[in-house]
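Q: What would the 3D arrangement of this be:
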Amino acid sequence: MIPFVDLRQQHEALLPELLARVEVVLASGTFVGGAELEAFEREFATMASLSVPGVAQVFDFGVISDASGEGRTFYTRAYVEGRPLDQ
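A: Presented below is the predicted three-dimensional model:
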């Protein structure tokens with residue numbers, strides 16, 4: 001069984017690292033491609049191989065180009081029945 005944890009505490013603990021990674025992407029001006037995309041592919045493959053109760057399983061991801069030529073990543077995941085985490 002997976003223990004219930006304090007999500008706010010986890011979020012606050014991870015926030016500096018998350019913001020630092022966002023800054024790397026914004027500073028590079030590259031939103032799709034390069035080292036970040038390669039790391040995302042590896043991490044996604046790991047996530048896709050997992051099946052954990054209560055965690056949405058991921059299936060696939062890709063890149064969609066819009067009219068301006070900008071690429072946007074997307075992923076598909078399973079629906080997890082339940083109530084919102086803030087309730």
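Q: Okay, now stretch 77-87: how far is its last residue from its first?
A: 22 Å (Cα to Cα, to the nearest Å).
Q: Quickly find the element holding residue 46.
A: Using DSSP states H and E, residue 46 sits within helix 34-48.
Q: mean confidence for that helix?
A: For helix 34-48, mean pLDDT is 84.
Q: Quick one: list the elements packing against it.
A: helix 7-28, strand 58-65, strand 71-77 (3 or more Cβ pairs under 8 Å, 6 or more residues apart in numbering; DSSP states H and E). Glycine gets a C-beta too; all of them are placed from N, C-alpha and C.
Q: Okay, now the sheet partners of the second one, with direction.
A: By that I understand strand 58-65. The strands beside strand 58-65 in its sheet (DSSP bridges) come out as strand 71-77 (antiparallel).
Q: what's the closest non-adjacent residue to residue 51?
A: With sequence-adjacent residues excluded and distances taken as Cβ to Cβ, 6 or more residues apart in numbering, residue 51 is closest to residue 57, at 5.8 Å.
Q: Okay then, goodbye and thanks.
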